[in-house]
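**Student:** Here is a sequence with its predicted model. Questions after.
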Amino acid sequence: MKYVDEYRDGKLARGIAATIAREVRPDHLYRFMEFCGGHTHAIARYGLEDLLPQNVRMIHGPGCPVCVLPVGRMNDAIKLAQQPGVTLCTYADLMRVPGSDAMSLTKAKAAGADIRMVYSTLDALRIAQEEPSRRVVFFGIGFETTTPPSALAILQAKQLGLKNFSVFCNHVLTPAAIQAIVGAPEGAGKVPLDGFVGPAHVSVLIGTKPYGHFAETYKKPVVIAGFEPLDVIQAILMLVRQVNDGRAMVENEYIRAVTPEGNRKAQQTVAQVFEIRDTFEWRGLGAVADSALKIRAEYSEFDAEKIFDVTTVAAQDNPACECGAILRGEKRPTDCKLFGTVCTPETPMGSCMVSSEGSCAAHWTYGRFRDSQNRKAS
Amino acid sequence: MKYVDEYRDGKLARGIAATIAREVRPDHLYRFMEFCGGHTHAIARYGLEDLLPQNVRMIHGPGCPVCVLPVGRMNDAIKLAQQPGVTLCTYADLMRVPGSDAMSLTKAKAAGADIRMVYSTLDALRIAQEEPSRRVVFFGIGFETTTPPSALAILQAKQLGLKNFSVFCNHVLTPAAIQAIVGAPEGAGKVPLDGFVGPAHVSVLIGTKPYGHFAETYKKPVVIAGFEPLDVIQAILMLVRQVNDGRAMVENEYIRAVTPEGNRKAQQTVAQVFEIRDTFEWRGLGAVADSALKIRAEYSEFDAEKIFDVTTVAAQDNPACECGAILRGEKRPTDCKLFGTVCTPETPMGSCMVSSEGSCAAHWTYGRFRDSQNRKAS
Amino acid sequence: MNAPRLRARKLDIRNGHVDLSHGAGGRAMAQLIGEIFAENFANDLLAQGNDQAVFSVPPGRLAMTTDGYVVSPLFFPGGDIGSLAVHGTVNDLAMAGARPLHLSASFILEEGFPLADLQTIAQSMGAAAREAGVKIVTGDTKVVERGKADGVFISTAGIGVVPDGLDLSGDKARPGDVILVSGTIGDHGVAIMSSRENLAFETQILSDSAALNGLVADMVAACGPHLKLLRDPTRGGIAATLNEIAHQSKIGLRIEEDALPVKAEVAAACEFLGLDPLNVANEGKLLAFVAPEAAQDLLRVMRAHPLGKESAIIGACVEDPHHFVQMRTAFGGGRIVDWLSGEQLPRIC
Amino acid sequence: MNAPRLRARKLDIRNGHVDLSHGAGGRAMAQLIGEIFAENFANDLLAQGNDQAVFSVPPGRLAMTTDGYVVSPLFFPGGDIGSLAVHGTVNDLAMAGARPLHLSASFILEEGFPLADLQTIAQSMGAAAREAGVKIVTGDTKVVERGKADGVFISTAGIGVVPDGLDLSGDKARPGDVILVSGTIGDHGVAIMSSRENLAFETQILSDSAALNGLVADMVAACGPHLKLLRDPTRGGIAATLNEIAHQSKIGLRIEEDALPVKAEVAAACEFLGLDPLNVANEGKLLAFVAPEAAQDLLRVMRAHPLGKESAIIGACVEDPHHFVQMRTAFGGGRIVDWLSGEQLPRIC
Amino acid sequence: MTELLDGDMAKVSLDGVQKAISLALVEDVQVGDYVILHVGYALSRLDPEEAQRTLELLAEAGVGAPV
Amino acid sequence: MTELLDGDMAKVSLDGVQKAISLALVEDVQVGDYVILHVGYALSRLDPEEAQRTLELLAEAGVGAPV
Ligand code: SF4
Ligand code: SF4
Ligand SMILES: [Mg+2]
Ligand SMILES: [Mg+2]
Ligand SMILES: [Mg+2]
Ligand SMILES: [Mg+2]
Ligand SMILES: [Mg+2]
Ligand SMILES: [Mg+2]
Ligand SMILES: [Mg+2]
Ligand SMILES: [Mg+2]
Ligand SMILES: [Mg+2]
Ligand SMILES: [Mg+2]
């Protein structure tokens, strides 16, 4: 696979790992947060940890869109799906996310709700056209990468004159989340960080510029990296070097796809349909100002929140679930008492155990063999 | 089973059969037509022929409602069922009746039409209420017995304000059919008849009076009989006695259910909703004046013929099928070359091979063993 | 049916529903199989968790059969799809004179099916298998999307061992052989129909669904060499079965309506529905064809068994190039008994 | 499966559809069975028209298995539900080291299903059975109303004879045993997915659906005493099968990603769909666990068979109280290989 | 007929089998009466005296030695 | 990308696997270009020169004896 296999090369990886091992200062604990769930997945899937020295530690960030969606919004989606005549279209990732009372879209579907897993907003539009008697709601979630398709879907629905299509918008903004982490008041929970592995696809859309602020104001190095494992290990090397050099800049490892300005056309499409919400609730981060999008009033006929009069009621996570602290980087999956006992991907207690980009799921699926090794080692 | 088993008693049957055998004049061939398919079925089902003397011969009449429905109307029903959004509700009997091109409701259903077999008009009304997005058409066929439920269904639909219910009316009138037989011009095809076994359920509805005309004007004895086999054999005895006595009167064997006036309430219900058609096509009898009903203009919102703009195109029976002549009493099933070879209940070529009241089906299902006996005997 | 032990939480059998993950080959499927099927079918071979069972069989020829069960409703007076799926397949083995040994069970589940109902069905299957002395040794579970099935379909296959010297087959009846039925006819079909809402009638009739291998064992022990063939008159009732046999054996059959055991309630229900009990399904009855000299012995043995108390001789085989099944009616006339070709009854098996 | 010869007109296989009468136990059903199933499965036992088949079996223990087939679409590149229903069940027998003998087939048909498609499926089943050297000796047909099934479901059961001395079972793997796969993984699942409209992608990949009993016979002949267990990694892919075995045998497994045979096209399709070839179904592959001393011999024998040309040693068994399946990735790190618990793939079998 | 139900419906019973039917086409039918049924509707009351009289006539008609 | 289709769609190919995707979010993509895909949409063109440069950097970064 061109432009894929090259970036998964084990030999090159061992070389870079060796360089990292040579260059790290033995007396320093390097703590890097990979913001994106895509990076979290790649690190676990390719066993990247095994290639890094003990004192380079990766901390998972809040960049898994499924993970950060709060229970209240999940409840809203389930309720929408249960309305008579509604067909809820969703990316498959969301099916098993627990709402309140251990409900989920999977269970709602098994109990009779019409829920369709789609690969693309295009599928949802097609369903709306083919089944005019259904009220088709697209469950829109995600960061800057998945937002433009939702915007396009609304524009297309308008153009087609569809009366039975709407979007339940939960799109959120990456820089606001990073800001919430770096700007959190110093205190017990605050994680010390040496730098960020910056988003891949998100950066394709927004470019490198929005990260400058974090480098400049908070003195946190940011290296934007592709989603392949060599991209990630290379970014780690670049971060190690910035730390060693006392630099804090935005560097771009993913130059083959990311430009300083990002994708202007996509940005314009998004701006046409969406505007910034005053505040939005994030699992783990709480209410974050200016951190999400809503559908502009002129497209309100496609806004499921308006059509179905959605008023989100804040709802509690399972109190034993540590997703929140994990999403802030404060804790690791194994710090949660439920991990692997009550909480598994089959019976997830929190969203982090659902998406393959979630920290708990990634650790369960790929990494948990290290726990017993570590226990043995200690 | 009270009021059922008593009328199926084999011992009594042998007694009456003996009386008939004693009383018949050996030199006379007694030809009686049982008008009703119900009687045709009872005669075949209970092997009544085996109890009668050789010179008492039962001739099957046109009183099988499925049998007399012409191909054109069957085509109309199939076409209705194939319209998008239409749910055709029908008595099961009609499912296999061949329309043109060997089409049938069974085949239309297998090919995707929404056709439901119902036991009662009440089922069809319920479907219309439960599935407001379907246009429910009840395929109304039958003589005076099945007409009142169709009338009631229309009245109830009106009362319920149903906008998705209609009746495709094919209800026909018994006296008109008897008139067509007795009044047919003398000629090659005309069957010599010594009398009629008169309808059971139809007479419950219309009473005994309408038959007076046939006794008086055409000197044909009529004995109204119940549907149980003892009723039929007793009626035959009564007919034999009228013939022997040179009488021609309407007698009522079915006094436990039939009165001179019939069921006034049902008659009024029918009169409220239906009116007489100028003419209607019967399989076998051709166009018969004043022989059928149509829905009154004031109920036209429930008239499938109006709603769906049905214009019946006269269509040919399978030219080798002798149903017509059989329904007129001119021929017997075994006179048809297709009987039992190409035409069986699984692959019926004509309507008489479908309904259990049809002459061909009754003979195939119950009586065909006699054919080989007869062949051996001759 | 692989059911490795896992630490996951127990299935929520009371409130849960089948979802697509239960058919996906992962942990959820293993759990469903483990907690519902393995639990209720409890036997060593199934517990091994292999994709097949391996076992020794006693000497003799082998009989093998299968049937699919799609009955609607799934639960009916006197049984459910689970017991039916055991009885039907055990009976098809028994009709060869075989001692039934092992069954396999293939489940096709519709997304959304209540786990509680599945549990009831599995319990009922397990109980029916134990009662019939067979084991469900291997199985399979598939889940299809809502609207692509009707709750649950079960296909069971079975094997059994036929004692040497016994050779029962549908083509073995000869003119003169006597026909017996093991009890009242039509009970199962009427029980099913009475539980279909749209027919709107009520009865106290229970399905006769039962495993007949015990009855057959007694019959074989007493009259083995004289037995020609056995068959359970299921779909299509005894009318269909008699016609099948007439054609297979190339003979005619003559039966007496007066001799047919029919419950008054079944007769009444048939009267309401315009049906003939001859065409109505049975699930715990058999037809036996036996040499005339052994007919009375066989009748005695059958009546001595709890499932054959109302056995009766109903007719005999004759030469007939037309292979007609003829019946002398109680009324005194003759008629043919034909396959039903009228409109369809509800799904009765 | 009773198919008395009747004089009725032939089925209109070209234009006809399955209707409810084809499942009602009457003449229409006998005709469907006779003209489509009996015709294509042609064998003596089925032709007898009994409700069961009776036959002698060679000495040895018996293996029995069943699977239900609900694949969608019914026709896919490299096969259809008919060939799949034969291959899958033959393979489950072969995985016990059994010589497959006879199959049963239970059909659940949806009203309206085209007879032409049913004919194609029956032809394909017949051909697959002949090729695998098995007979479909007994069967059953049910028809359900439109909307109560999805075209056609098939449940096949099978029996075979296991040679004495061979005892393959999922609990027999021991630390040190070597793990082999008989060829490229994921072909079947990708072929199915590429034929699902809504995934909107195209490949040239064919399903690997095939009967493995010939390959297994060679393996048993060469290395019988050293073989520990065989299993075909169907639903859930080799990830699911390896985990099942780790749990059954109470060991850990270690495999090498570099050693896994994966077609470039399959890898690319998985990339598009976000899937791991380890989780994708196969229908003509097996995993073999063998004592280390026989591993090279076994590999040679497997590669010599047309269905094992791309066989590879992919790993070995280790002691591990957690029963983890671990993989060294091509990238150089370690990871667990887990059951897929993500969202559902299309129905692949 | 064994029981009057709502909406002009009634329950009829025959040898332990019960069925719901409509009385919309008949007048004056009482619990205990026998009715003639057709497609879910009662068509008329069955007159028990006339039924008895018919049975007597049938018996009479058969008097004489069976053939 | 191997082929432009109607309605701002295109066909992409990867090792013989073809998929239809939307080009609605990108400008100036040509047949022969490589693209970054996400949920059925091309997000951007992949720059082959930069890709080459990255690979060189990766190779450089690994120079030195493996541990
Ligand atoms: S293991 Fe489960 S319960 Fe614990 S933090 Fe993760 S998702 Fe929450
Ligand atoms: S046998 Fe068939 S073709 Fe002949 S008259 Fe009867 S229905 Fe018509
Ligand atoms: Mg069977
Ligand atoms: Mg059976
Ligand atoms: Mg299986
Ligand atoms: Mg359903
Ligand atoms: Mg049977
Ligand atoms: Mg199996
Ligand atoms: Mg299998
Ligand atoms: Mg069967
Ligand atoms: Mg369907
Ligand atoms: Mg298997």
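**Tutor:** That came through fine. Ligands and ions are numbered 1, 2, ... in the order given.
**Student:** Let me know how buried the residue of the stretch 1-150 of chain A found nearest ligand 5 is, in neighbour terms.
**Tutor:** Closest approach between the stretch 1-150 of chain A and ligand 5, counting by Cβ to the ion: residue A:110, at 21.6 Å. Every C-beta, even on glycine, is put in place using the N, C-alpha and C of the backbone. For residue A:110, the neighbour count with other Cβ atoms under 10 Å in any protein chain shown is 25.
**Student:** just residue A:72 next, same as before
**Tutor:** Residue A:72 has 17 neighbours, counted by other Cβ under 10 Å.
**Student:** what about residue C:131, distance to ligand 9?
**Tutor:** For residue C:131, the distance to ligand 9 equals 29 Å [Cβ to the ion, to the nearest Å].
**Student:** In space, what's closest to the residue of the stretch 1-150 of chain A closest to ligand 5 - neighbours in sequence excluded?
**Tutor:** Using Cβ to Cβ, 6 or more residues apart in numbering or on different chains and skipping residues adjacent in sequence, the residue nearest residue A:110 is residue C:17, 3.8 Å away.
**Student:** and that neighbour, how many residues sit next to it?
**Tutor:** Using other Cβ under 10 Å, residue C:17 is surrounded by 24 other residues.
**Student:** Please, where are all the strands along the chain?
**Tutor:** By default, I'm working from chain A. Here chain A has its strands, by DSSP state E, at A:30-36, A:56-63, A:86-90, A:114-117, A:135-142, A:165-171, A:195-198, A:222-224, A:250-252, A:274-276, A:279-282, A:286-289, A:293-295.
**Student:** you looked at the wrong chain, it should be chain E
**Tutor:** E:3-4, E:9-14, E:17-22, E:34-38, E:41-46.
**Student:** Deepest in the core, which of the ones you listed is it.
**Tutor:** Compared across the strands of chain E, strand E:41-46 shows the largest average neighbour count, a mean of 23 (mean count of other Cβ atoms under 10 Å in any protein chain shown).
**Student:** tell me the average confidence for that one?
**Tutor:** For strand E:41-46, mean pLDDT rounds to 94.
**Student:** what's it in contact with?
**Tutor:** B:3, B:120, B:145, B:148-149, B:152, B:201, B:204-205, B:256-257, B:263, B:266, E:1, E:10, E:12, E:21-26, E:28-29, E:33-37 (Cβ atoms under 8 Å, 6 or more residues apart in numbering or on different chains).
**Student:** what's the neighbour count on the residue of the stretch 151-300 of chain C found nearest ligand 5?
**Tutor:** Nearest residue of the stretch 151-300 of chain C to ligand 5: residue C:155, at 12.2 Å (Cβ to the ion). Residue C:155: 32 surrounding residues under other Cβ under 10 Å.
**Student:** And for residue C:271?
**Tutor:** So residue C:271, with other Cβ under 10 Å, has 17 neighbours.
**Student:** give me the element the nearest residue to residue C:123 once chain neighbours are set aside is part of.
**Tutor:** Nearest non-adjacent residue to residue C:123, counting by Cβ to Cβ, 6+ apart: residue C:40, 5.2 Å away. Using DSSP states H and E, residue C:40 sits in helix C:39-41.
**Student:** where do the helices sit along chain C?
**Tutor:** In chain C, the helices defined using DSSP state H lie at C:27-32, C:39-41, C:44-47, C:81-94, C:115-132, C:187-194, C:213-223, C:237-249, C:264-273, C:295-304.
**Student:** mind saving the C-alpha coords of the first one as CSV?
**Tutor:** What it means is helix C:27-32. Below are the C-alpha coordinates for helix C:27-32, written out as CSV (Å, rounded to 0.1, in the frame of the first residue of the first chain):
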residue,chain,number,x,y,z
ARG,C,27,-17.2,-12.9,23.4
ALA,C,28,-20.8,-11.9,23.4
MET,C,29,-21.7,-14.9,21.3
ALA,C,30,-19.6,-17.2,23.5
GLN,C,31,-21.4,-15.8,26.5
LEU,C,32,-24.9,-16.3,25.0
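**Student:** Quick check: mean pLDDT of that helix?
**Tutor:** pLDDT averaged over helix C:27-32 gives 91.
**Student:** hmm, it touching ligand 5?
**Tutor:** No. For helix C:27-32, no contact with ligand 5 is found by Cβ under 5 Å from the ion; the gap never falls below 9.6 Å.
**Student:** I figured residue C:97 hits residue C:227, correct?
**Tutor:** Yes. Between residue C:97 and residue C:227 there is a contact under Cβ atoms under 8 Å: 7.2 Å.
**Student:** which residues do these two both contact?
**Tutor:** Here residue C:97 and residue C:227 have C:166, C:168, C:220 as joint contacts, going by Cβ under 8 Å, 6+ apart.
**Student:** Which one of these sits in the busiest neighbourhood?
**Tutor:** The most crowded member of the shared contacts of residue C:97 and residue C:227, judged by other Cβ under 10 Å, is residue C:168 (25 neighbours).
**Student:** Give me the local confidence score for that one.
**Tutor:** For residue C:168, the pLDDT comes out at 97.
**Student:** who does the residue of chain E found nearest ligand 10 bridge with?
**Tutor:** As assessed by Cβ to the ion, ligand 10 sits closest to residue E:17 within chain E, at 29.0 Å. Counting by DSSP bridges, residue E:17 is bridged to residue E:14.
**Student:** number of nearby residues for the residue nearest to residue A:55 when sequence neighbours are not counted?
**Tutor:** Closest residue to residue A:55 apart from its sequence neighbours, by Cβ to Cβ, 6+ apart: residue A:29 at 5.1 Å. Residue A:29 has 12 neighbours, counted by other Cβ under 10 Å.
**Student:** okay, residue A:29: pLDDT?
**Tutor:** The model's pLDDT for residue A:29 equals 97.
**Student:** related to what we said a few turns ago, so which of the strands of chain A is nearest ligand 8?
**Tutor:** Set against ligand 8 and scored by Cβ to the ion, those come closest in strand A:114-117, at 27.9 Å.
**Student:** What pairs with the closest one, parallel or antiparallel?
**Tutor:** Partners of strand A:114-117 in its sheet, by DSSP bridges: strand A:86-90 (parallel).
**Student:** Could you list the low-confidence segments of the stretch 201-349 of chain C?
**Tutor:** For the stretch 201-349 of chain C, the stretches with pLDDT under 70 are C:342-344.
**Student:** max-length helix in chain A?
**Tutor:** Longest helix of chain A, by residue count under DSSP H: helix A:229-245.
**Student:** Looking at the stretch 151-300 of chain A, which residue is nearest ligand 3?
**Tutor:** For the stretch 151-300 of chain A, Cβ to the ion, closest residue to ligand 3: residue A:164, 48.2 Å.
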